[in-house]
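> below are the sequence and a predicted model; questions follow.
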Amino acid sequence: MNHLNGLSDTAQIVKRNVKRNFRIPQLLIFSSIQPIVFLLLFNFVFGGAVKTGEPKYIDFLLPGILAQTALFGAIQTGVGLAEDLSKGVIDRLRSLPIARSAVLVGRTFADTIRNIFVIALMCIVGVLLGFRFHEGIPKFLLALVLVLFFAYSFSWVSGNIGLLLKDSETVQVAGFLWVFPLVFASSVFVPVETMPHWLQIFARNQPVTQVVNAVRYLTQGNIINGGAYVWHTLVWALGIFLVFAPLAVWKYKRTV
Amino acid sequence: MTSKKTSDNAIEVTKVSKHFGSVKALHDVDLTASRGKVTGLLGPNGAGKSTLIRVMTTLLEPTSGKVFVDGVDVLKQPAKARQHIGLAGQFAAVDDFLTGRETLYMIARLYHMPRSRAKARTNELLDKLGLTEVADRQTKTYSGGMRRRLDLGASLVATPSVLFLDEPTTGLDPRTRLQMWDIIRDLVKQGVTILLTTQYLEEADALADYMYVIDQGKMIAQGTAEQLKRSLGQDVIELKVADAQVSRAKQTLAKHLKRDVEVDEATRRLRLRTKNGSDDLLAAVSTLKDAHIKAEEISVHRPSLDDVFLAITGKKHEEEA
């Protein structure tokens, strides 16, 4: 019975947050237009200059942009939580006899639903720009699941930041601080071989490169030993989730 | 005040302190609220009103002390206490992207009401709070008063036995404030215990049966509005008699009531300062009657709660200065 209540609590919070994500126009616009702008800019501005060893830059770029979209989307988890905190919504929810994890699980689930929407949109735009999944539909779908799981675990990182900083604007700015190095010092836009040696060490081993390479492997098939990236991504995402989800719930219980 | 546990008290706060680092937001605070009554918690901004509300509603753990709400130990069984509590905060925490109906329905479902019951309760509350017509509009289109009413509605979903209202009318226009007062009085009639914080003494005077005054984290006074006003000892009785009888009336009253009697030069009215307005008023009337002096007008002026409030908070600040 308690578990059923917990599920129903979470479902209510998911519903509320999905409405928030889709009814506030600027949220939807920023979360969908922004990555499209990035995709277009990088494709047409850098596409000619970046040597990726592949015939079309878009085939290289789209997996990267999907990972970037996942991380930018994750920032919004913390921003939304901080906003709810400062508006007193969390106080109201905490004064209700609901499962303690419902608010956080509900928020991260709702953000995943938004991610599905945004990532689907990115793929459509990508295909229009010439992106092709050369490895077939099942592997492509597996790639999308990987990206979504990756985004989900980073939502929990962001949730911690939201609960810690409690001010939505600060969380937004802080979000770029931790997300930009992860996105740019990776294989998202350029092959890591062109980076200075010390940066390559970071770029090769950090989680964003794993997911990007895994998606490239699953859609392009041209990466040697690409299956390892799939496993690395799963281990990273699971590890991050297992550390940051309990931490966020713990912090939520103690947040004033 | 003793803090003996009796079923007459819906809220019992005993020696509660809350320290944030070196800041003592609450210091050894005691408070009891009688069942089915309105208890007012008054104090200036930053006095500790909201902190105390957060402690009583399970949102904040105190550094020390005990809190019982409806007989439930709030610190030991917060989840159980939440079943008895309704909270409407000062910010009207309603989501502006949800409609009024969605807001109430969501909360009803979060109280684990089945769908049909949640739907019925939503309609009931919308009707009760006069929000039926705007029920399907997103609350960002609502006026301040509508938002407050919806927020209050959200706190009423589970028919709580104890309702905490943190500055329920702050920022509302006078007409909307009166509407809120009516709604609050209605709730009291239904037997809900209410703890209300306010900065408006007029509001406490109008609604609260008993009140506490908090300042700088300490309880500095408590009592009914009458008691608080009387504690100031400044009731004034004013009498008007025929001009020719003013001096004789003054002498007679001073002699029998053993009080200083002043004559206001401009209006030729007699004024007595008294600790007990109504008793002295009767005495004054019968004294004049015995002396065959006809009182043309008689009135008693009570100090307003604002006078009381300024007197007690002002006194304390002076002591500390």
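Looks like it came in fine.

> how many neighbours does A:Arg94 have?
A:Arg94 has 20 neighbours, counted by other CB atoms under 10 Å in any protein chain shown. No exception for glycine: its C-beta is placed from N, CA and C like everyone else's.

> for B:Ala204, list the residues it contacts.
The contact partners of B:Ala204, taken as CB atoms under 8 Å, 6 or more residues apart in numbering or on different chains, are B:Gly40, B:Leu42, B:Leu196, B:Thr198, B:Met211, B:Ala225, B:Leu305.

> which one of those residues is nearest chain A?
B:Leu196 (16.3 Å; CB to the nearest CB).

> that closest one: which element?
Assessed by DSSP states H and E, B:Leu196 sits inside strand B:193-198.

> give the rounded mean pLDDT of whichever helix or strand comes after that strand.
Following strand B:193-198 in sequence order, the next helix or strand is helix B:201-207 (DSSP H and E). If you average the pLDDT over helix B:201-207, you get 88.

> and helix B:201-207, how far out from the chain middle?
Averaged C-alpha coordinates place helix B:201-207 at 6 Å from its chain's average position (CA atoms, centre = their mean, to the nearest Å).

> CA atoms only: put it into PDB for me.
Presented in PDB, the C-alpha positions along helix B:201-207 are these (Å, rounded to 0.1, in the frame of the first residue of the first chain):
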ATOM      1  CA  LEU B 201      -3.200  44.100  15.000                       C
ATOM      2  CA  GLU B 202      -6.500  44.900  13.600                       C
ATOM      3  CA  GLU B 203      -6.600  41.500  12.100                       C
ATOM      4  CA  ALA B 204      -5.600  39.700  15.300                       C
ATOM      5  CA  ASP B 205      -8.200  41.800  17.200                       C
ATOM      6  CA  ALA B 206     -10.900  40.800  14.700                       C
ATOM      7  CA  LEU B 207     -10.100  37.100  14.500                       C
END
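
> which of the residues in it are buried?
B:Leu201, B:Glu203, B:Ala204, B:Asp205, B:Ala206, B:Leu207 (16 or more other CB atoms under 10 Å in any protein chain shown).

> rewinding a little: and the strand holding B:Leu196, what does it pack onto?
When contacts are defined as 3 or more CB pairs under 8 Å, 6 or more residues apart in numbering or on different chains; DSSP states H and E, strand B:193-198 packs onto strand B:9-20, strand B:23-34, strand B:38-42, helix B:49-56, strand B:162-166, helix B:174-189, helix B:201-207.

> any low-confidence regions in the stretch 101-250 of chain B?
Applying pLDDT under 70 to the stretch 101-250 of chain B flags residues B:232-234.

> helices along that one, start to end?
B:115-128, B:144-156, B:174-189, B:201-207, B:225-231, B:246-257 (DSSP state H, counting those that start in this stretch).

> relative to strand B:162-166, how tilted is the second one?
This points to helix B:144-156. In terms of direction (axes from the mean of the first three to the mean of the last three CA atoms, to 10 degrees), helix B:144-156 departs from strand B:162-166 by 150 degrees.

> equivalent analysis for the third one, please.
Counting by the same axes, to 10 degrees, helix B:174-189 lies at 160 degrees to strand B:162-166.

> report all helices and strands that helix B:174-189 contacts.
helix B:144-156, strand B:193-198, helix B:201-207.

> can you list contacts of it?
Under the contact criterion CB under 8 Å, 6+ apart, helix B:174-189 has outside partners B:36-38, B:128-130, B:143-145, B:148-149, B:152, B:156, B:163, B:165, B:168-169, B:172, B:194, B:196, B:203, B:206-207.

> show me what contacts residue 160?
In the absence of a named chain, chain A is used. A:Gly78, A:Phe244, A:Leu247, A:Ala248, A:Lys251.

> switch to chain B, please.
B:His84, B:Ile85, B:Gly86, B:Val192.

> one more pass at 7 Å, please.
B:Pro160 sits next to B:His84, B:Ile85, B:Gly86 when contact means CB atoms under 7 Å, 6 or more residues apart in numbering or on different chains.

> so the second one versus B:Ala25, what's the distance?
It refers to B:Ile85. According to CB to CB, to the nearest Å, B:Ile85 stands 21 Å off from B:Ala25.

> likewise for the first one?
In this view, B:His84 and B:Ala25 are 24 Å apart by CB to CB.

> more crowded one of those two?
Using other CB under 10 Å, the more surrounded residue of B:His84 and B:Ala25 is B:Ala25, with 22 against 19.

> what about chain A, any weak spots by pLDDT?
A:1-3, A:255-256.

> which residue is it, in it, that comes closest to chain B?
Chain B sits closest to A:Gly88 of chain A, with a gap of 3.4 Å, by CB to the nearest CB.

> pretty sure that residue contacts B:Gly89?
Yes: applying CB atoms under 7 Å, one finds A:Gly88 in contact with B:Gly89, separated by 5.0 Å.

> the two: which has the busier surroundings?
B:Gly89 (25 against 18).

> tell me, how many residues neighbour the closest residue to chain A within the stretch 51-200 of chain B?
Closest residue of the stretch 51-200 of chain B to chain A, CB to the nearest CB: B:Ala93 (3.4 Å). The number of residues packed near B:Ala93 is 22, by other CB under 10 Å.

> now do the contacts for the residue nearest to A:Gly159 when sequence neighbours are not counted.
Leaving out its chain neighbours, the residue that sits closest to A:Gly159 by CB to CB, 6 or more residues apart in numbering or on different chains is A:Ala248, at 4.4 Å. When contacts are counted by CB under 7 Å, 6+ apart, A:Ala248 is found next to A:Leu104, A:Trp156, A:Gly159, A:Asn160, A:Leu163.

> appreciated, that's everything.
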